[in-house]
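Participant: next comes the sequence, and after it the predicted model I'd like to discuss.
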Amino acid sequence: MKVIGIVVEYNPFHNGHLYQINKIREMYKDAIIVVAMSGNYTERGEFSVIDKWDKTSIALSYGVDAVLEIPYVFSTQSADTFAYASICMLASFGVDTLVFGSESNNLEKLMNAARVQINNDSFDQLVKAYVSQGFNYPTSLSKSIFDLTGENINESNDILAVSYIKEILKNHYNIRVMPLKRTNSFLDVSSDDTIVSAMNIRKRLIENEDVSKYVPSNVLGYFRTIDSNKYFDLLKYKIISEKTFLDKYHLVEEGLSNRIYKAVLKSNNMEELINNIKSKRYTVLRINRILLNIFTGFTKEEAKKYKVLEYIRILGLTKEGRKYYKSIKDSFNVPVVTKFSKYDMLQIELKVTILYSIIVNDSELVKDEIKKHAVII
């Protein structure tokens, strides 16, 4: 039996995701498909437009057999941190093949970029040299890879793919990797094809456009309204009230706290705030993560403390997924949970769920976090 793993965010689940699942089913008819999925927040430091329980139900209804939650402490951070937790979870669950979207669809190129970061002693020094010249970290990473391999790795899915491959190689996981060519650009927000990027769909949702052309029919009733004005107001209050303590939050580097404070005073909404903070060194993506860390109270101390996966939380299983889980449940070296329990990381999960519920105006999500067991269909 093939066990296929995918790392997903489903923000939102769209026709491209369904295409990926169907392609896997064409190649491996009886495979178990396991996804490692971010919950109510995403790797880009944003709120998910569908909550994690609804994303789980949608995924199971469209062909996924098991949904595992990437804990918040990993799911909203850099590609390498995100990849660490994702691949660790999938490997623990017995995945033998990792499928991922790729702009280049060039496995040799991606493997070379991963190997040079692991095996070339000069790589880290080269990255530091570019950062010291004022380049942001992603650009420094890309430039260093090009210098050592001649390969350009600068698109979102390829960058994540390299991080996945690094985790597999470093840990000697017995996982084959298989890229699937993306049919659209991750950053495209204007295409009107039936398969478009999640960013395209989120933009249309903000503009109150009909998105039924771009998502499976069962998805339409699950969209959440992300109250960006409320987010801005709460964030502004916290930044002003904690002016002298902002540097305790993860990713807030020395000198940045004052820049954030000055920016929030002259900003009227999230877009203005981000534009007033961003610079050559600080990308929009990094600012999103920084602001989310401040909002959720995720500190440098916590980031340092929670570097190792404490548990694997199953959010949902199909009958086939449940049967497979029972067959391997005695082989895990990481505890598996199907409901809220004692782990410190889950206490953080509860806190960030409470905050998410405020932004989407649904207090029932807090009860679900504590009381809900894994979804079974």
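Facilitator: Structure's in. What do you need?
Participant: CA atoms for contacts and neighbours, from now on please.
Facilitator: Fine.
Participant: average pLDDT for the helix or strand that Phe82 is a member of?
Facilitator: For Phe82, the host element (DSSP states H and E) is helix 79-92. For helix 79-92, mean pLDDT is 97.
Participant: remind me what the helix or strand just after that helix packs against, helices and strands.
Facilitator: Scanning forward in sequence from helix 79-92 by DSSP H and E, the next helix or strand is strand 97-102. Secondary-structure packing of strand 97-102 (3 or more Cα pairs under 8 Å, 6 or more residues apart in numbering; DSSP states H and E): strand 3-8, helix 156-171, strand 176-181.
Participant: what does the helix holding Phe82 rub up against?
Facilitator: Contacts to helix 79-92, defined as Cα atoms under 8 Å, 6 or more residues apart in numbering, come from residues 5, 7, 34-37, 43, 68, 70-71, 74-76, 159-160, 163-164, 167-168, 173, 175, 309, 312, 332-334.
Participant: can you check what angle separates it from strand 3-8?
Facilitator: Using axes from the mean of the first three to the mean of the last three Cα atoms, to 10 degrees, the direction of helix 79-92 lies 150 degrees away from that of strand 3-8.
Participant: how far does helix 79-92 sit from the chain's center?
Facilitator: 11 Å (Cα atoms, centre = their mean, to the nearest Å).
Participant: what about Lys266, how many neighbours?
Facilitator: Using other Cα atoms under 10 Å, the number of residues around Lys266 comes to 11.
Participant: can you give me phi and psi for it?
Facilitator: The phi and psi values for Lys266, taken as degrees, to the nearest 10, are phi -110, psi 10.
Participant: low-confidence stretches in the stretch 1-150 of the chain?
Facilitator: Within the stretch 1-150 of the chain, not a single segment meets pLDDT under 70.
Participant: how about the strands of it, start to end?
Facilitator: Counting by DSSP state E, counting those that start in this stretch, the stretch 1-150 of the chain has strands at residues 3-8, 32-38, 66-70, 97-102.
Participant: so which of those strands is the most packed in?
Facilitator: For the strands of the stretch 1-150 of the chain, average neighbour numbers computed from mean count of other Cα atoms under 10 Å are highest in strand 66-70, which has a mean of 28.
Participant: what strands line up against that one, and which way round?
Facilitator: Strand 66-70 sits in its sheet next to strand 32-38 (parallel), strand 312-317 (antiparallel), going by DSSP bridges.
Participant: a markdown table for those strands, including distance to Ile153?
Facilitator: Formatted as a markdown table, those follow (distance: least, Cα to Cα, whole Å):
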| stretch | distance to Ile153 |
| --- | --- |
| strand 32-38 | 23 |
| strand 312-317 | 31 |
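Participant: of all those strands, which lies closest to Ala303?
Facilitator: strand 32-38 (17.1 Å; Cα to Cα).
Participant: circling back: winner for burial among the helices and strands packed on strand 97-102?
Facilitator: Taking mean count of other Cα under 10 Å, strand 3-8 is the most buried of the helices and strands packed on strand 97-102, at a mean of 23.
Participant: distance from the chain centre to that one, please.
Facilitator: Using Cα atoms, centre = their mean, the offset of strand 3-8 from its chain centre is 13 Å.
Participant: and it, which strands flank it?
Facilitator: By DSSP bridges, strand 3-8 pairs with strand 32-38 (parallel), strand 97-102 (parallel).
Participant: just put these in JSON lines and tack on distance to Glu155.
Facilitator: Output for those, formatted as JSON lines (distance: least, Cα to Cα, whole Å):
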{"stretch": "strand 32-38", "distance to Glu155": "20"}
{"stretch": "strand 97-102", "distance to Glu155": "9"}
